[in-house]
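Asker: Quick check, what structure comes out for this input:
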Amino acid sequence: MGGFMSCTRHFLNFHWERHSWHERVTLAENVAAEDTSMWGRPVNREFVRCQKEQVCTACGEVRSSGSCICDTAHAERCAVRLAWIDAPRPPAGV
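Answerer: Numbering: from 1, shown residues only. Okay, here's the model as predicted:
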């Protein structure tokens, strides 16, 4: 973690952390599911599920924040997911 500074502060016997958290997606996938229409009939729909984590921009500490699921229209506008799509990936097998 070179180049990061510590977010832990010390004063007398007190210790506290002050992080600057931002979310990032680590995995996203399309999920087919059966939903119910307003008339109670089954309807096949597609959703997007993302696994997210929070990362401190100052020290690089990572904490998990779980997953979320949304419809495809919302996923196409989600800034966190779009940043993951646009991020460079290492070549396969590396």
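Asker: what helix or strand does the most centrally placed residue in the chain sit in?
Answerer: Centroid-nearest residue in the chain, with Cα atoms, centre = their mean: K52, separated by 2.4 Å. Taking DSSP states H and E as the definition, K52 sits inside strand 42-56.
Asker: Could you list the low-confidence segments of this protein?
Answerer: 1-5, 9-11, 14-16, 94 (pLDDT under 70).
Asker: buried residues in the lengthiest helix in it?
Answerer: Longest helix in the chain, counting residues (DSSP state H): helix 79-86. Using 16 or more other Cβ atoms under 10 Å as the test for burial, helix 79-86 gives 81, 84. C-beta here means a position set from N, CA and C on the backbone, and glycine is covered the same way.
Asker: try stretch 87-94
Answerer: For stretch 87-94, it's none, nothing buried (16+ other Cβ under 10 Å).
Asker: Check stretch 24-35 too.
Answerer: For stretch 24-35, burial by neighbour count (16+ other Cβ under 10 Å) applies to 24-25, 28.
Asker: So which residues make contact with that stretch?
Answerer: 42-55, 69, 72, 75, 80-81, 83-85 (Cβ atoms under 8 Å, 6 or more residues apart in numbering).
Asker: Narrow these to just the buried residues.
Answerer: Buried, going by 16+ other Cβ under 10 Å: 47-48, 50, 52, 55, 75, 81, 84, out of those.
Asker: Those: which two are farthest apart?
Answerer: Across those, the longest distance by Cβ to Cβ is 24.9 Å; it joins F47 and V55.
Asker: just checking, C7 touches G60?
Answerer: No: using Cβ atoms under 8 Å, C7 makes no contact with G60, being 9.4 Å away.
Asker: Adjacent strands (with direction) for the helix or strand containing H22?
Answerer: Using DSSP H and E, H22 sits in strand 21-36. Here strand 21-36 is paired, per DSSP bridges, with strand 42-56 (antiparallel).
Asker: quick one: the partner strand to helix 79-86, angle?
Answerer: With axes from the mean of the first three to the mean of the last three Cα atoms, to 10 degrees as the basis, strand 42-56 and helix 79-86 are set at 80 degrees to each other.
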